[in-house]
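Enquirer: Below: sequence and its predicted model.
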Amino acid sequence: EVQLQASGGGLVQAGGSLRLSCKASGFSLDDFAIGWFRQVPGKEREGVSCISRADEEPYYADSVKGRFTISSDNVENTVDLQMNILKPDDTALYYCNARSRAGVSYWGQGTEVTVSS
């Protein structure tokens, strides 16, 4: 069964850190670009960070540059998002997405991040 499992969300105080993990099963992440997105009720889904073997540099939204780091583990078939210096504005439901060059796309179920001030 093809599945993306996002985990690692939680409640943290401003200035704290969380590490999100996106684990793929049923397919290899090697052939996919992996992105982390977030969404707040009433707002559009926002792209946070993306990594792929085809790109030399990962992508980061301006709002998270210098605070978030995306990394992939080809052995574990996971892509993690290390989030440091968290702000209340980072509060959202975080999703991971895997997209192939052919346009095949898989979404994880989302993991909740709440940053208190």
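Expert: Yes, it's here.

Enquirer: Over to residue 107: give its phi and psi.
Expert: When read as degrees, to the nearest 10, the backbone of residue 107 gives phi -120, psi 140.

Enquirer: What count of nearby residues applies to it?
Expert: 14 (other Cβ atoms under 10 Å). Yep, even glycine has a C-beta here, placed from its N, CA and C like the rest.

Enquirer: Tell me the bridge partners for it.
Expert: On the basis of DSSP bridges, residue 107 is bridged to residue 97.

Enquirer: Under a three-state scheme, what state does the residue nearest in space to the middle of the chain occupy?
Expert: Nearest to the centroid of the C-alpha atoms of the chain, with distances taken as Cα atoms, centre = their mean, sits residue 36, at 2.8 Å. Using DSSP: H, G, I helix; E, B strand; the rest coil, the structure places residue 36 in strand.

Enquirer: I'd guessed it sits against residue 93; true?
Expert: No - the pair formed by residue 36 and residue 93 falls short of the contact definition of Cβ atoms under 8 Å, at 11.3 Å.

Enquirer: re earlier: so what pairs up with the residue nearest to the centre of the chain in the strands?
Expert: When bridges are called by DSSP bridges, residue 36 pairs up with residue 49, residue 96.

Enquirer: what does residue 59 give?
Expert: residue 50.
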